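Asks: Fold the stuff below for me.
(one chain, ligands or ions: 1)
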Amino acid sequence: MSAAWTHRHLIDVDILTADELTLVLDLARSMSASRAAGTTEPVLHHQTMATVFAEASTRTRTSFQLAARALGGDVVSIEAATSSLSKGESIIDTVRTLDALGVGVIAIRHPDDGAARVATDHFRGHVVNAGDGSHAHPTQALLDLYTLTEHLGADGIRGSKICIVGDLVHSRVARSGIWALTTMGMDVWVTGPREFLAGFETWAAELPAGRRLTITDDLGAGMRGAAAVMALRVQRERLHGSAAPTEAGYAVAWGITEARLVAACPDAIVMHPGPVNVGVELPDDVASGPRSVITCQVANGVPVRMAVLALLAGTDA
Ligand code: CP
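Replies: Residues are numbered from 1 along each chain as shown. Down below sits the predicted model:
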C-alpha cells in the first residue's frame, strides 16, 4: 500500500491528492482493526519517534505516542518546560540534537507558523507537523475526515455540507480541515464573528478553483442543511489584545445550541477538535449529547496517526 505514498514528511494536507487522502483513511481503518485484534505489523520496530511539543497538548501528543508504540516504536517526549528549550535552545538546535541521537521521526508542535517546515531542513528522518501556529494541523484534518466518513459513509462525504463555526483566523485546524474536506468534495461553509473572519478571506482566496467554500457571517445560513457542524475553539492565547467577543457574548451569539441545531440536518453530528471551552463554543448538553462525536474524533487520532507514521516509515528518509 505504501508504494503509492512518496512523501517523506507531512507538513500539511495540501500535498495530498484525493487518492492519497483515501489511502490514509483506508490504512487507518486497517490499523484500527489490527490494533483491536493485536495483529499490527511493527513497522517502527527499532525506530524512535520524538514528540517535540513547544505548545501544550493532550490529544495530539498522547495519540502520536500511542500510535508509535502500537507500531512497535520507541517514544521520547520533548516538552518546552522540561527540555533545553526552557534554557533558550532554539527549535533548530533541538531538532539537530534529536537527529544526532538517532531519532527517526519527530512529531512537532510549535507556536510559530512554518516551524515544522524549518525542522525538515535540519533533520534526516521524517517530520510530522503536529500543529504550527495558525498555519496547519494536518493529522487533525485527517482524523476529522476519518470521523466524517465513519458517520456519513465513505461515499457520503462528496457533496455533503459541513458548517465550521468560530475563530477561523487563528485556526490551523480550520485551514488544514478545509483543504482536506474540499479536496474530498465536501461543501464547506465557514462562519463566525467578523473579528474571527477578518484576514481569513485572504487565505481562502488562494484555494484552487472549484473548491466549495462559502464564508458568511450568517450562522443560520451556515447551519442550514448541514450534515456536520464543527465548532472551533476560541484561542485566547493567540488573540494578543486584538478585538474579540467576550466569552459570554460569544456563547450567546455563536454557541452551537440544540435550538440552533434545528436548522441543520435532523441527524447532524457535532464536532470540535478540543479542548472545548464548555459553555462558550458548545453548551455541555451539546458537547456531551447524542449528536456529539468529539470522543470519536479523539479516539480516531490513534489509528489515523498510525497510518501516517507507517506511510512515512515506508519512504526513504
Ligand atoms: N485538537 C488538538 O490539537 O488538541 P490538543 O491541543 O489537546 O493536542
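
Asks: okay, CA-based contacts and neighbour counts for the rest of this
Replies: Fine.

Asks: Spit out the contact partners of G222.
Replies: C163, W189, V190, T191, T216 (Cα atoms under 8 Å, 6 or more residues apart in numbering).

Asks: per-residue confidence for A243?
Replies: On pLDDT, A243 comes in at 69.

Asks: what about the closest residue in space to S292 that isn't next to it in sequence, how many neighbours?
Replies: Distances taken as Cα to Cα, 6 or more residues apart in numbering put V270 closest to S292, at 4.7 Å, once the chain neighbours are dropped. Around V270 sit 24 other residues, with neighbours defined as other Cα atoms under 10 Å.

Asks: Same check on A253?
Replies: Around A253 there are 15 residues (other Cα under 10 Å).

Asks: quick one: the residue nearest to S292 and M223 touch, right?
Replies: No - contact between V270 and M223 fails when scored by Cα atoms under 8 Å: they sit 11.2 Å apart.

Asks: circling back to that earlier point, how about the contacts made by the residue nearest to S292?
Replies: Counting by Cα under 8 Å, 6+ apart, V270 has contacts A228, V229, M230, A231, V286, A287, R291, S292, V293, I294.

Asks: Most proximal residue of the stretch 151-300 of the chain with respect to the ligand?
Replies: In the stretch 151-300 of the chain, no residue comes nearer to the ligand than P273, which is 4.3 Å away by Cα to the nearest ligand atom.

Asks: Look at that residue and report its pLDDT.
Replies: 98.

Asks: Now it: phi and psi?
Replies: Here is the backbone geometry of P273 (degrees, to the nearest 10): phi -70, psi -20.

Asks: in which helix or strand would I find the most centrally placed residue in the chain?
Replies: Geometric centre of the chain, nearest residue: Q140, 1.6 Å, by Cα atoms, centre = their mean. Take DSSP states H and E as the rule and Q140 turns out to sit in helix 138-152.

Asks: in that helix, what counts as buried?
Replies: Across helix 138-152, burial judged by 16 or more other Cα atoms under 10 Å covers 138-148, 151-152.

Asks: Pick the one among those residues closest to the ligand.
Replies: Closest to the ligand, out of all of those and judged by Cα to the nearest ligand atom, is Q140, at 6.4 Å.

Asks: The closest one contacts G301, doesn't it?
Replies: Yes - between Q140 and G301 there is a contact under Cα under 8 Å: 7.5 Å.

Asks: returning to what we had before: quickly list what's touching both of V270 and M223.
Replies: Common neighbours of V270 and M223 (Cα under 8 Å, 6+ apart) are V229.

Asks: quick one on the thing from earlier: in helices only, show me the contacts of G222.
Replies: Counting by DSSP state H, none of the members of the contacts of G222 fall within helices.

Asks: Quick check: which of the residues you listed are also close to the ligand?
Replies: By Cα under 6 Å from any ligand atom, no member of the contacts of G222 lies near the ligand.

Asks: Turn these into TSV, columns for pLDDT, distance to L27 and neighbour count.
Replies: Shown next, in TSV, are those (pLDDT from 0 to 100; distance: Cα to Cα, whole Å; neighbours: other Cα atoms under 10 Å):
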residue	pLDDT	distance to L27	neighbour count
C163	98	27	27
W189	98	28	23
V190	97	29	27
T191	97	32	25
T216	96	35	17
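
Asks: How about the contacts made by the residue nearest to D12 when sequence neighbours are not counted?
Replies: Nearest non-adjacent residue to D12, counting by Cα to Cα, 6+ apart: P138, 4.9 Å away. P138 makes contact with L10, I11, D12, V13, N129, A130, G131, V173, S176, G177, according to Cα under 8 Å, 6+ apart.

Asks: same question, F123
Replies: So F123 contacts V95, R96, D99 (Cα under 8 Å, 6+ apart).

Asks: If you rank these by neighbours, which is first?
Replies: V95 (24 neighbours).

Asks: Wait, that one touches A119, no?
Replies: Yes - look at V95 against A119 with Cα under 8 Å: they come within range, at 6.5 Å.

Asks: Flag every residue of this structure that's near the ligand.
Replies: S57, T58, R59, T60, R61, P273, G274, P275.

Asks: Narrow those to just the buried residues.
Replies: R59, T60, R61, P273, G274.

Asks: Which ones among those lie within helices?
Replies: R59, T60, R61.

Asks: Name the nearest residue to the last one, ignoring sequence neighbours.
Replies: Spelled out, it's R61. In space, R61 is closest to T51, 6.5 Å off (Cα to Cα, 6+ apart).

Asks: Quick check: which helices or strands does the helix or strand encompassing the one you found pack against?
Replies: Per DSSP H and E, T51 falls inside strand 48-53. For strand 48-53, the elements it packs on are helix 59-70, strand 74-79, strand 105-110, judged by 3 or more Cα pairs under 8 Å, 6 or more residues apart in numbering; DSSP states H and E.
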